Structure formats: structure tokens, C-alpha cells
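[1] Just need the structure, nothing else, for what follows:
(one chain, ligands or ions: 1)
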Amino acid sequence: MSKVKVALIGVGNCASAFVQGLQYYGKQTESCVGLRNPQLGGLTTRDIQVVAAFDVDKRKVGKDLAEAIFAAPNNAPKVADVPATGVTVQKGSLLDGVGECTRSIVQISGAADVNVAEALRSSGAEVAVNLLPSGAVEASRWYAAQALAAGCAFVNATPNFVASDAAWAKRFEDAGLPVAGDDLVDQVGSTALHKTLLKLLSMNGVRIAETYQLDVGGGTESLDTLDRSRDAKRAIKTQSVAASLPYKAEVVAGSTDYVDFLQNKRDSYFWISGSYFCNAPMRIDLKFSTVDAPNAGSVLFDVVRAMKVALEKKQKGAVLPVCVYAFKRPPQLVPLETAEEMFTRFIKENAGH
Ligand SMILES: NC(=O)c1ccc[n+]([C@@H]2O[C@H](COP(=O)([O-])OP(=O)(O)OC[C@H]3O[C@@H](n4cnc5c(N)ncnc54)[C@H](O)[C@@H]3O)[C@@H](O)[C@H]2O)c1
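    Predicted structure coming up:
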């Protein structure tokens, strides 16, 4: 299979981790520690190529992607020196990309908007990856429409509804293009950890009465979430976590606050309370710390390669095995093991034939 040509919509922290990851793993000859799938569908990370990028911040627009990923307000850690990529960040349309809360952090460029569909087409992009802030509801759909017009597959990492919205999935189906989303899962994810803990406990006969999982982060995205999409994110996470219990319990899961000095770090707090044999009480009170942007890297590498497989096989509409494997809000929720199984089967059956 030829290289996967990717366009990045939003050159924020996740894009930084993605581009640095390509450089980091591109250099490795043997060890791919940290990658879930060094090879997927016959493709390695060396087969992923970024061919276009869009942003609205004046510190990024007009710059080579290698420079833009390290521009403020990005604060994902630097793990690789990235040589010039030859990809210049182009000015996309702002729409609702920047909220009131982040207007003091993002410096909006005065450059003219490019024709995004045309830019996608002329770059040869095959997969457009939406990495806009989570509150960018309108902009996310606008870029999805640009991908449709350009004939690109679309990956929606944001919690906005595209792949899980039947009407949007149908638009992709009608255009003969694949779409995957919504809201990317993390490699070391608090939602997956929460679900696994609850499943293990309930499987052993523990009756969970109450549980919550709350996050504190310092990336621009945490501030945007606090301001604009906290309720949507909380609904997605809560629904996903609650689905891991075979009975009803008090469940709350979702991002909560922004602490600037944490930079790109995220602290997640878990509380689980329940009872077991003869009503004996049990409690779990746990703190879990990660760095946010790298948490998206391995999953995004898997998704873009899987979308290449989908394109080669002329899959259209929401690609369910990719959605359930890599997203918190797929069109249909399935247990973690089923998602894994569906994805593995999809790659096995469709790659290299
Ligand atoms: N581990 C993770 O970081 C993770 C996991 C799951 C989902 N996500 C989702 O991925 C998305 C990106 O996260 P991030 O941390 O990189 O965010 P970020 O705020 O660092 O980056 C967003 C970028 O989009 C740019 N932008 C804003 N409006 C734009 C527009 N109209 N056109 C083009 N560019 C625009 C901003 O200038 C910024 O560079 C979020 O929606 C987040 O919820 C991230």
C-alpha cells in the first residue's frame, strides 16, 4: 500500500504529538515501545505523511509545520527535533473555533482564509483529521464538509457529533467516503481504566453504589472544555462508563477544571464506592497522572492507517470497527473486548487484499 497522506485540521497539542511521533518513531530501527501497533494493515509509522495543515493562530499560520507545532500556546512536551516538513500551515476559516475563554490565549491571524477543500485536493490529502478545540461545533462540521468536497476520509477526534450523527454519516456514505469518530479515546485513558475497574468489580459480585472520575488539565483544550463543552464531554464519558455496569448506579465521569501550571499534564481522580459479601463496604480513591497530547498519538496513528485500509476497500459512511476501537462516542457502544475484536478482524479481512 502507498503512504497515508494526512491533513491536520488544527495544529495544537495533539498535532504536535502526532508530528513529533512520526519523527520519533521514524528514526527507530527496532524498538517501537509506546506504540500499540508498530505495523497495522502492512503500514508502519513511516508510511504516514502529513501533506497539509490548517490553523487560525498567527504564530502558526504561514510557518512550516515543524515550527508551528512548537509555537505558543502549544505546551505538549518536546520529544523530537523535527526538521522542516515542507508543509506550510494554512489559514482555515475561524467560525466558532475559538471560544471566549481562549480568545486571550489564541492570537487570531489576519491572513485571508484559504479555500480549504481546494487546499486539501491539491495537497493530495486522503485522510483529514479534525483536531479542533472541543467547543468548535460548527467549525468541526464545516471542515467535515470540506473533506467531503475534496474527496477525503474524515477522522473526528473532537467530541462533536459527526460520525455518530446519522445524517452526517449518510453524507459520507453518499459521497462514497469513510468517516470515523467521535471523541478519540486515549492510549492510557481514564475512561477505559474506569470502565475496566468497574467491570472487574461487578464481575466479582461487588455492588457499585457511586462512582466518579474528574480531571484537571493545563492545556488550552482543558480551558476550552471548561468553557464550552464540559457538559457534552461529561455526557459522553458518563454514558460510556455507565454502560460498563450491568445495573444502574450513580455515575459521573467528565473533565472538570483547568490549572495552567499543569501545562499539558492531566490528573484524573477516581472514586468508587460499593459493597460486597454481607454488605461489607469497599472504596477506591485513586489519582492517575498523564501527559495529554502524547496520549492521542498511538491511537491516531492506528486510525489514519485504518482509514487508509478503509479507503482502499472503498468503505463508505461510518466505519464501525474503527469508530468503536478508537472513539468514546461511536455510532454504537460495544464492550472494550468486542471493539478490539471488531477492529482486529476489520484490519485482517481488509488489509493487503
Ligand atoms: N489526548 C488528547 O489530547 C485528546 C483525546 C481525545 C480527544 N481529543 C480532542 O482533540 C482535539 C484537539 O486537542 P488539542 O489538545 O490538540 O487542542 P488544542 O487547543 O491544543 O489545539 C486546537 C488547535 O486548533 C486551532 N484552531 C481553532 N480554531 C480553528 C479553526 N477554525 N480552523 C483551524 N484551526 C483552528 C487552534 O489554534 C489550535 O492550534 C480536542 O477536540 C480534544 O477534545 C484530544
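[2] Compute the number of surrounding residues for the nearest residue to Glu126 once chain neighbours are set aside.
    Nearest non-adjacent residue to Glu126, counting by Cβ to Cβ, 6 or more residues apart in numbering: Lys5, 4.7 Å away. Every C-beta, even on glycine, is put in place using the N, C-alpha and C of the backbone. Counted with other Cβ atoms under 10 Å, residues neighbouring Lys5 total 19.
[3] same question, Gly297
    Gly297 - counted by other Cβ under 10 Å - has 27 other residues nearby.
[4] repeat for the one 4 residues further on
    As a burial measure, Phe301 scores 25 neighbours (other Cβ under 10 Å).
[5] which residues does it contact?
    By Cβ atoms under 8 Å, 6 or more residues apart in numbering, the contact list for Phe301 reads 18, 21, 35, 37, 40, 45, 48.
[6] same thing but 10 Å
    By Cβ atoms under 10 Å, 6 or more residues apart in numbering, the contact set of Phe301 is 4, 18, 21-22, 25, 35-38, 40, 43-45, 48, 187.
[7] Quick check on the residues you listed: which are buried?
    4, 18, 21-22, 25, 35, 37-38, 40, 43-45, 48, 187 (16 or more other Cβ atoms under 10 Å).
[8] In strands, which of those fall?
    Cross-referencing the buried ones among the contacts of Phe301 against strands under DSSP state E gives 4, 48.
[9] and the buried ones among the contacts of Phe301 near the ligand, which?
    Applying Cβ under 6 Å from any ligand atom to the buried ones among the contacts of Phe301, one finds that nothing falls near the ligand.
[10] Return the distance of the residue nearest to Glu126 relative to the ligand.
    19 Å (Cβ to the nearest ligand atom, to the nearest Å).
[11] Tell me which residues touch that residue, please.
    Contacts of Lys5 (Cβ under 10 Å, 6+ apart): 48-52, 120, 123-127, 152, 304, 308.
[12] Tell me what it is bridged to.
    Beta-bridge partners recorded for Lys5 (DSSP bridges): Gln49.
[13] Distance of it relative to Val241?
    36 Å (Cβ to Cβ, to the nearest Å).
[14] ditto for Ala15
    For Ala15 relative to Val241 (Cβ to Cβ), the value is 28 Å.
[15] Can you pull the phi/psi pair for Ile105?
    phi -100, psi -40 (degrees, to the nearest 10).
[16] Tell me if I'm right that it and Val98 touch.
    Yes: counting by Cβ atoms under 10 Å, Val98 is a contact partner of Ile105 at 8.6 Å.
[17] Find the residues that touch each one of the two.
    Common neighbours of Ile105 and Val98 (Cβ under 10 Å, 6+ apart) are 57, 220, 224.
[18] any chance of the residues you listed in CSV, with secondary structure, neighbour count and distance to Ala147 too?
    Shown next, in CSV, are the shared contacts of Ile105 and Val98 (DSSP: H, G, I helix; E, B strand; the rest coil; neighbours: other Cβ atoms under 10 Å; distance: Cβ to Cβ, whole Å):
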residue, secondary structure, neighbour count, distance to Ala147
Asp57, strand, 25, 21
Thr220, helix, 24, 24
Asp224, helix, 26, 22
